[in-house]
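1. with the sequence up front, the predicted model follows.
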Amino acid sequence: MTKSSSLPQVINVVVRPEGVLTIDFDNGDQGDLQLSSHLSLTGYFAPLAQQDFFQRVFVDHGTLCWPNNIDLDPVVVYAWTVGEPIELAQAQPA
C-alpha cells in the first residue's frame, strides 16, 4: 500500500459481473470489492441487490454513490477493498 497523509478517495469504479466493483483510489491502490460480503443488502441498501440499480454506481467527490442518496464512506470502502483495518482517530482529552 502507498502511504499518504490524506485519506484515500475513490477516483474510478468499474462494475464487474457477479456484483463486483473494481475500484481505483487516488493513492494508486486498486482492488475488487464484493459489497454483499460486507453489507446486508436489505433495508437502506436493498436497491443494491438489483443488478440494474447496482450498475448505476458513480463517483462523487471521492465517494461511491448510487441514485436515491445511497453512498458509502470512502474510508470504509478502502478498508474493505484493500483488506486493511480502519484506523479510528483517538479522542483527545479535554
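-> Thanks, I have it. Computed from a prediction, not measured in an experiment: that's the story for all the values here.
2. where does this structure have low pLDDT?
-> Across the chain, the ranges flagged by pLDDT under 70 are 1-5, 86-94.
3. and the residue nearest the centre of it?
-> Centroid check for the chain by C-alpha atoms, centre = their mean gives Val77 as the closest residue, at 2.9 Å.
4. Val14: what secondary structure?
-> strand (DSSP: H, G, I helix; E, B strand; the rest coil).
5. who's the closest residue to the residue nearest to the centre of the chain other than its chain neighbours bridged to?
-> Take Val77 and drop its neighbours on the chain: the residue closest to it by C-beta to C-beta, 6 or more residues apart in numbering is Leu64, 5.7 Å away. (Each C-beta comes from the backbone N, C-alpha and C, glycine too.) Note on Leu64: beta-bridge partners by DSSP bridges are Val59, Leu72.
6. number of nearby residues for Leu64?
-> Neighbourhood size, Leu64 [other C-beta atoms under 10 Å]: 21.
7. ok, Leu33 next?
-> 21.
8. give the other helices and strands that the helix or strand containing it contacts.
-> Using DSSP states H and E, Leu33 falls within strand 30-34. Applying 3 or more C-beta pairs under 8 Å, 6 or more residues apart in numbering; DSSP states H and E, one finds that strand 30-34 contacts strand 20-25, helix 74-82.
9. re the thing from before, now the residue nearest to the centre of the chain: how far from Val10?
-> 6 Å (C-beta to C-beta, to the nearest Å).
10. so what sits against both of the two?
-> 23, 63-64 (C-beta atoms under 8 Å, 6 or more residues apart in numbering).
11. which of these sits closest to Ser6?
-> Thr63 (14.2 Å; C-beta to C-beta).
12. ok so, going back, just want the angle from the strand holding Leu33 to helix 74-82.
-> Strand 30-34 runs at 90 degrees relative to helix 74-82, counting by axes from the mean of the first three to the mean of the last three C-alpha atoms, to 10 degrees.
13. alpha carbons of strand 30-34, as PDB, please.
-> This file holds the C-alpha atoms of strand 30-34, laid out as PDB (Å, rounded to 0.1, in the frame of the first residue of the first chain):
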ATOM      1  CA  GLN A  30      -6.800  -0.700  -6.700                       C
ATOM      2  CA  GLY A  31      -8.900  -3.700  -5.800                       C
ATOM      3  CA  ASP A  32     -12.100  -5.600  -6.300                       C
ATOM      4  CA  LEU A  33     -14.900  -5.300  -3.800                       C
ATOM      5  CA  GLN A  34     -17.900  -7.700  -3.500                       C
END
